[in-house]
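S.K.: Coordinates only, no sequence provided:
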């Protein structure tokens, strides 16, 4: 092998290496494009799944919120009924006996007032009669002796 053959072989090897390098670059680019497409598709699928999951979670949260609202309303109604019941019991146990006692005291006062009025009327009547008797006595005393 002489120098010219070595150069020809070297040029052929260089050309073959360049072609191989171009083919590998092309394959790497194709592979990269395929991976990019796959990653984009996978990313889109994941985005869709996340959106679906988010929608399901939103629906669940809304349902849970509605259930909680209903429970709070029921609890509020129960508490309101209990408060009314406690108020009514307290009213019956504390206020009504006082009202009954006050009514009894009023009746007693009315009875006593009636007795006092009758007594006063009797005293006034007696005083009126005594006044009449005193007038009669004065008239009698003022009468001349010969009459």
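M.R.: Right, received. Where do you want to start? A quick note: this is a predicted structure, and the numbers were derived from the prediction, not measured.

S.K.: So which residues of the protein form helices?
M.R.: With DSSP state H as the criterion, the chain has helices at 3-90, 96-142.

S.K.: Now render these as a markdown table, adding mean neighbour count.
M.R.: All C-beta spots, glycine's among them, are computed from the backbone N, C-alpha and C. Formatted as a markdown table, the helices of the chain follow (neighbours: other Cβ atoms under 10 Å):
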| stretch | mean neighbour count |
| --- | --- |
| helix 3-90 | 10 |
| helix 96-142 | 10 |
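
S.K.: Which one of these has the poorest average confidence?
M.R.: When those are compared by mean pLDDT, helix 96-142 comes last with a mean of 90.

S.K.: Now do it against helix 3-90, angle only.
M.R.: On the basis of axes from the mean of the first three to the mean of the last three Cα atoms, to 10 degrees, helix 96-142 is oriented at 30 degrees to helix 3-90.

S.K.: From here on, call the first residue 57.
M.R.: In the new count, where the first residue is 57, that last one comes out as helix 152-198.

S.K.: gap between helix 152-198 and the chain center?
M.R.: Between the centre of helix 152-198 and the centre of its chain there are 63 Å (Cα atoms, centre = their mean, to the nearest Å).

S.K.: Tell me which other helices or strands it touches.
M.R.: Packed against helix 152-198, as judged by 3 or more Cβ pairs under 8 Å, 6 or more residues apart in numbering; DSSP states H and E, are no other helices or strands.
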